[in-house]
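**Q** mind folding the following:
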Amino acid sequence: MKLPQKEVECKIQTLPPSPEGAGGSESPEENSDILIKTILDAFWKLWVQLKLLASFVMVDLGGYQLLDRLVQWSVRNPHKAICIFAAFLAFLLPFLLMLGIGLSTLLMTLTGFLVLEGVILTIIAMLLIGCLGSLILVVLFLKQLNRT
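**A** All right, here's what the predicted structure looks like:
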């Protein structure tokens, strides 16, 4: 599954020069489009590099053979394989817990801020609408009193 050199060179090519270097003025929409395109191109290049690295490790360095030998050993020694797998999970569990706590704290902080900001903006908007509505009602009521 190794990619040919021409395909690699084709996928990993440099971006064309930006038109702003030619002295042309661009709108903010064009700048954001160029930024998004640049970011997507960078992620695509990173993805291609990761695929090439995985292909190199699995094909050239014998990753498939290592996995095959590991599965065969696990079939011959199921008790040892289960113990090693359990030890690996027990070793990995604290890291996963800390990662989960950190990411959940980050997520709750961001969403909590958005919810709090949304609640505050809603309350302020309701107060503003209430004040303007009552002002309009008072003006209409006074106009009605002046007519009679």
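
**Q** now the helices for the chain?
**A** With helices called from DSSP state H, the chain shows them at 5-11, 28-55, 63-76, 78-147.

**Q** may I ask which helix or strand of the chain has the lowest mean pLDDT?
**A** Taking mean pLDDT, DSSP states H and E as the measure, the helices and strands of the chain show their lowest mean at helix 5-11, namely a mean of 56.

**Q** where are the low-confidence patches of the protein?
**A** By pLDDT under 70, the weakly predicted segments of the chain are 1-26, 148.

**Q** please repeat the previous calculation with a cut-off of 80.
**A** Counting by pLDDT under 80, the ranges of the chain that qualify are 1-29, 148.

**Q** and residue 72, how far is that from residue 65?
**A** Residue 72 sits 11 Å away from residue 65, taking CB to CB, to the nearest Å as the criterion. No exception for glycine: its C-beta is placed from N, CA and C like everyone else's.

**Q** typed the wrong thing, it's residue 144
**A** 92 Å.
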